[in-house]
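J.: got a predicted structure here, sequence first:
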Amino acid sequence: QNLYKNVTLRNTEFSDSSPRKILCSDNSLCVPFVQCPAHVRNEIKKSCQTVTGREGVCCKTGQNLTAPEELEVHGRHHSLRMNLQTINLIARRSHEQIREIQAKEALLLSDGYLVVPGSPSYDHFKNFKLLSRNDLFQVLDLASRAMEIALATKDFKHRQGLTNQQIELGLLEQDLRTTPLGLACNIEPICPPIPVKFRRIDGACNNLLHPSWGTGMTPYARLLPPSYEDGIWIPRLSETGQPLASPRLISTTIISDSDSFNYDHTLMVMQFGQFLSHDMTQSIENSYANGSAISCCSFDGGRKRGLEERHYACMAIDIPHDDPFFSRFGQGCMNFVRSVLAPRQDCTLGYAQQMNKITHFLDGSNIYGSSPEQTGHLRSFHRGMLKIFNDFGRQMLPLSHDPDECLSKGRNAACYMSGDSRTNQMISLVALHTVFLREHNRLADELSKLNPHWDDERIFLEARRIVIAEVQVITYKEFLPIVIGPAAVEEFHLALAQGLDYAQDYDGSVEPSVTNEFASAAFRFGHSVVDGLLKIYGKDRMDEMISIPETMFQPSRMRKLFFMDELLSTLTTEPLQQVDNNLVEALTRYMFRAGNAFGIDLASLNIQRGRDHGLRPYNDYRELVGLPRLSHFEELSFELGEKLKSVYASVNDIDLWVGGLLEEKAPGSIVGYTFRDIIADQFYRLKKGDKYFFENDPSVNPGFFQPEQLFEVRKASMSRLICDNSDGTLLSRQAPNAFKKPGVKGNEFVDCDGGEIPRINLLYWRE
Ligand code: HEM
Ligand SMILES: [Ca+2]
């Protein structure tokens, strides 16, 4: 029982702040369905009305998967404990298995089963690249410890004849810390007794009861237990017991490439969305011990490797022989390597959990890094500034020294460095990183003038604290109302407080971690809003149409004098694409093509990643968010019904990412209810579960702002950031809301120098 003692939602605001009738009993609250996953398995559920009048559910368990009484029903009383003898045996065996795996891995490496440099899969792997030897060593060490636990679980399951459901429900609650298997457990950070003013770079010690919550290299949270064939790590099958169709077949059948613009919003929604996701989540693909990329396909890409020559983490994607595109190049196999695991936080046996490499918190980790070592590389240690590359007077991101980072070589080539290893993936992402780098240094410069007595460290930390607040303000004030819509902002209590007020909603029982459903499916809605062409306008005419694969890992154009401003102007004036089953061929055929005739397919990767991470089928998440389960494919999409039927044997097989994209939009939102609620729940966690969230008051937030400073920080906007940090070659006017269509009533272009786009007055930081 005690495991669940602290997990009841203690958030009183649900019951206090609204006049609606609450029909829940004393110790339960009315929450949106997604925030009470236990209701999915509980026959007795009591519905109620949330603040917006939508149906919610009375919930005792809050963020937790299962209510204690449910566990009783599912056999918690079963003896699922191991005696010491069994533990020793299991520990020895799983340790031996890991040794065998490592021996085979070394053999494959020496035989040269590597991804060929220069191929699209090689660039795909760069998305998971670890920035330092130290990082690599740490990640692989944790990954193999976590694998040891997964293997031990498998062994125990067979010995005891356990069911998948017992594992899904987490019934193996025996603490392994004092056993030989305990060596494989997570090590909690040690926190100082007095809270520190500035959030730690690695995210640790935010919640003193759970000091590792939200830190990098920890597992994703889950809304629902995973779906694995063996309950532990083997990817799920169809409901019929047969293998699921190849993700590539699903991609070519369901996903097409035609433009469907969303004229109300700009491409900045896409670009900021990607930037934001890189602050919150990065899964890491398994690699060899020396960091090189595992190849799961034959050298010519014609077929999957056989069992003997295959790494255990291989999950290559079959390309059907009649593929409309890749068959032209004789490709029958797309490389795919499964994500590394992280040790379970509770030090028990149980299903595999994937690792989030970076800090889960919204804390600018993509700007500053997720480890002190990384931050050290990025700082200049002079007047609080971050390092820059001075490109003939323009402040650019520092150049990467990794000869492998970039495709472009030669004198004018440039690939950049930031707090995130995916920066060069897309040129407009580089532009946004550059804006935030300049913003940090602009703030540092002003702060050091206001406070000449502050040293480098103090200026750095103060500027960082403001930048993080700006990211949070832009996310909650500008970005979220567009993506999930105002109703979800209200229902999930995501609106920022106003004026001089502090927010009063920190809740130490809320786990801030990114959910696997968010990272591996829902927030990947963004792949559907990408435009394949960047239309670049000069002073008064279109200069260039850039096809985005040309800029992937080759952002040298950023060095051209006018380009940065032109690109920012493109992002704030060109329309967004709709969230639907259209993805541009730049992502489904040519992604990371570099100089090759073909690239790889992001839609296939998304589907496969979902299966790799044990996401349950779409229908289960419909139920989770309170929608009726589908019984016919046509209910999801009338036009695509037949096509869906041709690739899925059952409606209960549909992958979450696919179902979510096809779903009808929730009112006021650019995504359907399922994605909407998964996204809203995530941003709820990141606000309520983060002690250092910028607007929290002094009683919880050691790094609180003074009320006047809060008032100022709340003025932040994407437009102001662009005004203050562009090159000033082209951009002197901006629409106040950079995410909304400019030049229309309510969002007219105004002078950056005028007063319409508010500025943060830093005088309140003078000490
Ligand atoms: C600009 C073009 C973009 C490219 C080329 C791109 C490419 C990729 C790639 C290669 C992955 C890893 C796929 C895998 O192996 O699992 C990925 C993951 C992801 N992408 Fe994108 N992406 C783009 C834009 C976006 C946007 C606009 C969003 C959101 C609004 C987004 C959200 C995500 C998320 C949440 C993940 C999962 C990250 C993780 O947990 O590891 N991406 N993307
Ligand atoms: Ca982060």
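T.: Structure's in. What do you need? Ligands and ions are numbered 1, 2, ... in the order given.

J.: that's a strand at Glu517, yeah?
T.: No - applying DSSP: H, G, I helix; E, B strand; the rest coil, one finds Glu517 to be helix, outside a strand.

J.: how about the contacts made by it?
T.: By CB atoms under 8 Å, 6 or more residues apart in numbering, the contact list for Glu517 reads Arg222, Leu223, Leu224, Leu615, Tyr621, Leu656, Ile678. Placement of C-beta: from N, CA and C, glycine included.

J.: and for Lys715?
T.: Contacts of Lys715 (CB under 8 Å, 6+ apart): Pro758, Arg759, Ile760.

J.: distance of it relative to Asn761?
T.: 8 Å (CB to CB, to the nearest Å).

J.: narrow the contacts of Lys715 to those that are buried.
T.: Ile760 (16 or more other CB atoms under 10 Å).

J.: in strands only, show me the contacts of Lys715.
T.: In strands, judged by DSSP state E, none of the contacts of Lys715 are found.

J.: just the contacts of Lys715 now: which is nearest Gly291?
T.: Of all the contacts of Lys715, Gly291 sits closest to Ile760, with 41.2 Å by CB to CB.

J.: name the residues that touch stretch 182-199?
T.: The contact list for stretch 182-199 (CB under 8 Å, 6+ apart) reads 145-146, 148-149, 152, 176-177, 202, 204-206, 208, 211-212, 215, 218, 342-345, 347, 361, 363, 461, 464-465, 468, 692, 702-703.

J.: make a ChimeraX selection of the buried ones in those residues.
T.: Remark: buried members of those, expressed as a ChimeraX selection using 16+ other CB under 10 Å:
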select :145,146,148,149,152,176,202,204,205,206,211,212,215,218,342,343,344,345,347,361,363,461,464,465,468,692,703
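
J.: list the contacts of stretch 370-387.
T.: The contact list for stretch 370-387 (CB under 8 Å, 6+ apart) reads 131-132, 134-135, 201-203, 216, 357-359, 367-369, 388, 398, 417-419, 437, 440-441, 444-445, 447-448, 454, 456-463.

J.: next, the buried residues of it.
T.: Quick answer for stretch 370-387 (16+ other CB under 10 Å): Ser370, Ser371, Gln374, Thr375, Leu378, Arg379, Arg383, Gly384, Met385, Leu386, Lys387.

J.: near ligand 2 too, which of the contacts of stretch 182-199?
T.: Among those, the ones lying near ligand 2 by CB under 5 Å from the ion are Phe361, Asp363.

J.: which of the contacts of stretch 182-199 fall in strands?
T.: Judged by DSSP E, the contacts of stretch 182-199 include Thr218 as members of strands.

J.: circling back to that earlier point, buried among the contacts of stretch 370-387? Make that a PyMOL selection.
T.: A single PyMOL command selects the buried members of the contacts of stretch 370-387 (16+ other CB under 10 Å):
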select buried, resi 131+135+201+202+203+216+357+358+359+367+368+369+388+398+417+418+419+437+440+441+444+447+448+454+456+458+459+460+461+462+463
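
J.: contacting residues for the residue nearest to the spatial centre of the chain?
T.: Nearest residue to the geometric centre of the chain (CA atoms, centre = their mean): Thr281, 3.2 Å. For Thr281, the contact set (CB under 8 Å, 6+ apart) comprises Tyr220, Asn356, Ile358, His360, Val514, Phe518, Ala519, Phe523.

J.: select from those residues the one having the most neighbours.
T.: His360 (32 neighbours; other CB atoms under 10 Å).

J.: next up, the contacts around it.
T.: His360 neighbours (CB under 8 Å, 6+ apart): Gly203, Trp213, Gly214, Thr215, Thr218, Met280, Thr281, Pro512, Ser513, Val514, Leu686.

J.: what's the residue of the chain most remote from its centre sitting at in phi/psi?
T.: Farthest-out residue of the chain from its mean C-alpha position, per CA atoms, centre = their mean: Gln85, at 41.0 Å. For Gln85, the backbone dihedrals (degrees, to the nearest 10) come out as phi -60, psi -50.

J.: dump the buried residues of stretch 370-387 to TSV, plus distance to Ala597, secondary structure and pLDDT.
T.: Formatted as TSV, the buried residues of stretch 370-387 follow (distance: CB to CB, whole Å; DSSP: H, G, I helix; E, B strand; the rest coil; pLDDT from 0 to 100):
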residue	distance to Ala597	secondary structure	pLDDT
Ser370	37	coil	96
Ser371	39	coil	95
Gln374	36	helix	95
Thr375	41	helix	97
Leu378	37	helix	98
Arg379	42	strand	98
Arg383	49	coil	98
Gly384	48	coil	98
Met385	44	coil	98
Leu386	39	strand	98
Lys387	38	coil	98
